[in-house]
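A.B. asks: below are the sequence and a predicted model for it; my questions follow.
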Number of protein chains: 6
Amino acid sequence: MKEKILAADNLVLKRLFNLDSNTYEDGALNAATKEMLGLVASMVLRCDDCVKYHLEKCYDLGITKAQVFEVFAVANIVGGTIVIPHTRRAVEFWEALESQQ
Amino acid sequence: MKEKILAADNLVLKRLFNLDSNTYEDGALNAATKEMLGLVASMVLRCDDCVKYHLEKCYDLGITKAQVFEVFAVANIVGGTIVIPHTRRAVEFWEALESQQ
Amino acid sequence: MKEKILAADNLVLKRLFNLDSNTYEDGALNAATKEMLGLVASMVLRCDDCVKYHLEKCYDLGITKAQVFEVFAVANIVGGTIVIPHTRRAVEFWEALESQQ
Amino acid sequence: MKEKILAADNLVLKRLFNLDSNTYEDGALNAATKEMLGLVASMVLRCDDCVKYHLEKCYDLGITKAQVFEVFAVANIVGGTIVIPHTRRAVEFWEALESQQ
Amino acid sequence: MKEKILAADNLVLKRLFNLDSNTYEDGALNAATKEMLGLVASMVLRCDDCVKYHLEKCYDLGITKAQVFEVFAVANIVGGTIVIPHTRRAVEFWEALESQQ
Amino acid sequence: MKEKILAADNLVLKRLFNLDSNTYEDGALNAATKEMLGLVASMVLRCDDCVKYHLEKCYDLGITKAQVFEVFAVANIVGGTIVIPHTRRAVEFWEALESQQ
């Protein structure tokens, strides 16, 4: 997703994208927890592309369906029913991840 | 829209969706007024799916075109020109509702 | 609130403020309904000053306590628990309006 | 925070507040993880009162300073520098929690 | 974009749209600077249609690619990684503008 | 503002803060233009602390009162009347900057 942006050689954007990758690495919190943090933040800010990105990471890191739905629940309670359409698309994407095995 | 989400059997999401339905029932304010409240809130938060949902309810409850445009006006004044693209899509959806009779 | 801003003689801001006043006048919807629309929009966008402004108008136009709480309910359902602190301050302001009679 | 709101006996608000408490209980994810999810969501939505509420819960559930700063990092990367002032206030509140022991 | 909305003859919306045009005219700041202001505001508020609108104006007013990427950089730093998907689409639209000559 | 946050030695936050400073340096756009971009972004995202930060930079870089009010006009048109209270506080802060000479 970031390739075309990086091609333009803007230093601030390049460094921000590097930093973005660093943010979700294992640290005091493990990567799976951090991806769930990124997921819930993306949901309440209602960015479908960001939700998909973090959902895929969560899936790869072994987050279960019951766990990811609890992340959805926090997002819907904090962010309100305005988050429902994004939740529906997130569920569809999660099912696509499960079925592609 | 909510079926797949409900199928996952997350209690918080189930209850939130029930509560969502209760919110717009006749009470101290009538259902039509509440649907207009839901509509303007959805517009300033810029959720097209939510806007459509409330527009259809408004239409079914007898809100006139002149009235719904006054809701749009409040949304655009409070939320700014950032709401214009959502207003355009809302107008198109309203016209689709009118023409399907 | 707008005096100092108007003093600077910026034409766009002046016209926007005039337009803002026109928005809430009786029309296809009455002023009380429009003030409730402004209130719920202000709550989900979480602007305490705007909430107070519309609450005072609602109070002056005869909206009852039960009605204003139904506006709060829509705001909290659509906007989520993030709206709760603003609701608390709105309730305190409403009580101040009631007690100043 | 919610007492005055509850006193008004609005059923939707009452149920939403109950649901809010349920959301953060141990489940497929433990309570500490859920409070961190609530914290990061509150930070990117920039609600200081909500941030304090979840910070206190995180503190009580044994989240360490290094961990909470990683939550702050996710919030600032996802939500941008607009989150910095809220992070500063969050750090001050966290220090107050640590020093009150 | 605004024609169907204008057809409905809502005075507030008409005046807001006129005002919107006035806002970006040469004044104490020149039109190119104002379009960049409109662009960065649209990016942090994450409205793709608005971003395209201002990008086209920026392009027509002679803003260079290096300059527009610095606008993108400010948007991504202030608004966070949530702005990345909108930046990607903005880059694609900018390239389309360049190639259509 | 950032000292206490930096003291905690979180690498992502440290780098983000460095990057934040780099963003507003002279480049393809000059620093004054970039500070106005940061200002309008902060206004539509309604962060008073961020608004003050960029206002002070704008003032130091020689932006005139007429120019800064055109930035305010863009912010209010794009972001709506919800930006008015922040504009009022911005005007007060600008006057404080002018009077402290």
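C.D. replies: Thanks, I have it. This is a predicted model, so every value here is computed, not measured.
A.B. asks: buried residues, stretch A:42-58. List them.
C.D. replies: Judged by neighbour count using 16 or more other CB atoms under 10 Å in any protein chain shown, the buried positions of stretch A:42-58 are A:42-47, A:50-55, A:57-58. All C-beta spots, glycine's among them, are computed from the backbone N, C-alpha and C.
A.B. asks: contacting residues around that stretch?
C.D. replies: Stretch A:42-58 has contacts (CB atoms under 8 Å, 6 or more residues apart in numbering or on different chains) with A:1, A:24, A:31-32, A:35-36, A:38-39, A:68, A:71-72, A:75-76, A:78-79, A:82-83, A:86-87, A:89-90, A:93-94, A:97, B:47, C:80, C:82, D:41, D:44-45, D:78-79, E:46, E:81-82, E:84-85.
A.B. asks: could you dump the helix or strand hosting A:Leu39 to PDB, C-alpha only?
C.D. replies: For A:Leu39, the host element (DSSP states H and E) is helix A:31-44. Below are the C-alpha coordinates for helix A:31-44, written out as PDB (Å, rounded to 0.1, in the frame of the first residue of the first chain):
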ATOM      1  CA  ALA A  31       3.000  -8.200  19.000                       C
ATOM      2  CA  ALA A  32      -0.500  -9.800  19.200                       C
ATOM      3  CA  THR A  33      -1.600  -7.400  21.900                       C
ATOM      4  CA  LYS A  34      -0.300  -4.500  20.000                       C
ATOM      5  CA  GLU A  35      -2.100  -5.600  16.800                       C
ATOM      6  CA  MET A  36      -5.300  -5.700  18.700                       C
ATOM      7  CA  LEU A  37      -4.600  -2.200  20.000                       C
ATOM      8  CA  GLY A  38      -4.000  -1.100  16.400                       C
ATOM      9  CA  LEU A  39      -7.200  -2.800  15.400                       C
ATOM     10  CA  VAL A  40      -9.500  -1.200  18.000                       C
ATOM     11  CA  ALA A  41      -7.900   2.200  17.300                       C
ATOM     12  CA  SER A  42      -8.600   1.700  13.600                       C
ATOM     13  CA  MET A  43     -12.200   0.700  14.200                       C
ATOM     14  CA  VAL A  44     -13.200   3.600  16.400                       C
END
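A.B. asks: mind checking which helix or strand the residue nearest in space to the middle of chain A is in?
C.D. replies: Geometric centre of chain A, nearest residue: A:His54, 2.2 Å, by CA atoms, centre = their mean. For A:His54, the host element (DSSP H and E) is helix A:48-60.
A.B. asks: how distant is that helix from the center of its chain?
C.D. replies: 4 Å (CA atoms, centre = their mean, to the nearest Å).
A.B. asks: that older thread, not counting sequence-adjacent ones, nearest residue to the residue nearest to the centre of chain A?
C.D. replies: Nearest residue to A:His54, sequence neighbours excluded (CB to CB, 6 or more residues apart in numbering or on different chains): A:Leu39, at 3.9 Å.
A.B. asks: wait, what's in contact with that neighbour?
C.D. replies: Contacts of A:Leu39 (CB under 8 Å, 6+ apart): A:Val51, A:His54, A:Leu55, A:Cys58, A:Val68, A:Val71, A:Ala75.
A.B. asks: out of those, who's nearest A:Phe17?
C.D. replies: Of all these, A:His54 has the smallest distance to A:Phe17: 15.5 Å, by CB to CB.
A.B. asks: how near is the closest one to E:Val91?
C.D. replies: Plainly put, A:His54 is 22 Å away from E:Val91 if you go by CB to CB, to the nearest Å.
A.B. asks: ok, and the closest non-adjacent residue to A:Tyr24?
C.D. replies: Counting by CB to CB, 6+ apart, the residue nearest A:Tyr24 is A:Lys34, at 4.6 Å.
A.B. asks: count of residues packed around A:Tyr24?
C.D. replies: By the measure other CB atoms under 10 Å in any protein chain shown, the count of residues near A:Tyr24 is 23.
A.B. asks: now swap in the one 5 residues further on and tell me
C.D. replies: A:Leu29 has 24 neighbours, counted by other CB under 10 Å.
A.B. asks: before we move on, what about the one 3 residues further on?
C.D. replies: The number of residues packed near A:Ala32 is 18, by other CB under 10 Å.
A.B. asks: residues of chain A that sit close to chain B?
C.D. replies: Neighbours of chain B within chain A, by CB under 8 Å from any CB of the partner chain: A:46, A:65-66, A:69-70, A:72-73, A:76-77, A:81-82, A:84-85, A:87-88, A:91-92, A:95.
A.B. asks: buried subset of those?
C.D. replies: Looking at those with 16+ other CB under 10 Å, the buried ones turn out to be A:46, A:65, A:69-70, A:72-73, A:76-77, A:81-82, A:84-85, A:87-88, A:91.
A.B. asks: how about those, which pair is most distant?
C.D. replies: Across those, the longest distance by CB to CB is 23.5 Å; it joins A:Lys65 and A:Ile82.
A.B. asks: how close does the closest residue in space to A:Leu97 that isn't next to it in sequence sit to chain F?
C.D. replies: Nearest-residue entry for A:Leu97: A:Tyr59, 4.6 Å, with adjacent residues in sequence omitted and distances by CB to CB, 6+ apart. Taking CB to the nearest CB, to the nearest Å as the measure, A:Tyr59 and chain F are separated by 24 Å.
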